[in-house]
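sharing a model prediction with you, sequence too.
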Amino acid sequence: MDLSASITPVIAIYNVPDANFGEFNPAAVDANFAEKIVLSRSFCVYTNAQGYSIEVDSDFSDGDNFYMVGNAGFDEIRYSVDVLSNDYTGPANGFQKTARSLDIFPGDVVGTIPYYADGYIDNACGTVDGTENNIELRISMDPNFLTQEIAPDDYRDTLRITARAFLGEFGG
């Protein structure tokens, strides 16, 4: 008697928060900001596979840049996205951040991110010490761009985050 079973790959994204840069006065931005304005948001990717990839795209991107567009539809604010992973390195060192891809293009696939189930007690990135999300997006704006003649408005975009499990050999 032959006996067999197949397990299908599972992948899920949990704990994705919204991000808001807040309100800016262009005159104050010029005087107070010398570097990029950065928001960091972390979330959990669970898979039963050995690894996964992440793709980030948005409603208002042109293939080269991400943009927030004003409600009036006339002006846009360019921003960039970095992808980091929070990898489990073992009981002695815990989780360590690794830069996976900096200043990605819309639609880029950031691949070969290993999944370390050993560090978790559930499939939503729970650990004995609390939640330890394994992906971080750093979203940044150049303050020099904000000092240009940008119309007063509320600017927005929607990031689409897609995770794909690796099927078969890791890295394949």
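Structure received.

which pLDDT value belongs to the spatially most central residue of the chain?
The chain has Leu137 as the residue nearest its centroid, 3.2 Å off, counting by Cα atoms, centre = their mean. Looking at Leu137, its pLDDT is 97.

just confirm it contacts Leu159, I think it does.
Yes: contact criterion Cβ atoms under 8 Å: Leu137 and Leu159 qualify, at 7.4 Å. For the C-beta atoms, the positions are set from N, CA and C on the backbone; glycine is no exception.

so what sits against both of the two?
Contact criterion Cβ atoms under 8 Å, 6 or more residues apart in numbering; residues shared by Leu137 and Leu159: Val56, Val81.

which residues touch Lys36?
Contacts of Lys36 (Cβ under 8 Å, 6+ apart): Ser140, Met141, Asp142, Pro143.

hmm, try it at 6 Å
Ser140 (Cβ atoms under 6 Å, 6 or more residues apart in numbering).

gap between it and Thr112?
Lys36 is 27 Å from Thr112, where distance means Cβ to Cβ, to the nearest Å.

low pLDDT regions in this structure?
29-34, 148, 168-172 (pLDDT under 70).

with that, I have no additional questions.
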